[in-house]
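# no letters, just coordinates:
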């Protein structure tokens, strides 16, 4: 089982360290939008809720764009449900709680637990129910372990 898990993570590193042009477009759009939002927030002295609403929209749009881009990647290492499940869980875990709680319709479609493909990565991590992303799941030891892997993948893809 450990060998299988290691294979998935190594395959994901191979996939995610070589972003396609469409992924760069997603990243650049998010960066531009966040810079504009921060300028607007400063100029207009935005309050927390309006700021977070715009921030969540930017982040959710980015996650959707990013996942579409990786799903369309042409490399063999990306054409794998477990690798894409890992990326989906990473992107969804990076959404702030405010977005998870206030954009439940969008998040529940994009970040449903079944899209994480945990059961294909580790048979011991099958979720007890097929409901949408569970906020309490962040506190589990499993999520902590996966979060550490995600940090590795996230920073390895951002360093390029």
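Nice, I can see it. What you see is a predicted model, and the numbers here were worked out from it, not measured in a lab.
# can you list the weak-confidence ranges in this protein?
Low-confidence segments of the chain, defined by pLDDT under 70, are located at 1-5, 122-160.
# could you rerun that using 50?
Low-confidence regions of the chain, defined by pLDDT under 50, span residues 1, 123, 125-150, 159-160.
# the most centrally placed residue in it: what's it in contact with?
Geometric centre of the chain, nearest residue: residue 91, 0.6 Å, by Cα atoms, centre = their mean. Each residue near residue 91 by Cβ atoms under 8 Å, 6 or more residues apart in numbering is listed here: 63, 66-67, 111. (C-beta placed from N, C-alpha, C; glycine too.)
# mind picking the two most distant members of these?
Within those, 66 and 111 form the most distant pair, 12.5 Å apart (Cβ to Cβ).
# higher neighbour count, those two?
Between residue 66 and residue 111, residue 111 has the larger neighbour count (other Cβ atoms under 10 Å), namely 23 against 20.
# what's the distance between the nearest residue to that one once chain neighbours are set aside and residue 41?
By the measure of Cβ to Cβ, 6 or more residues apart in numbering, the closest residue to residue 111 outside its immediate chain neighbours is residue 92, 3.6 Å from it. Counting by Cβ to Cβ, to the nearest Å, the gap from residue 92 to residue 41 is 25 Å.
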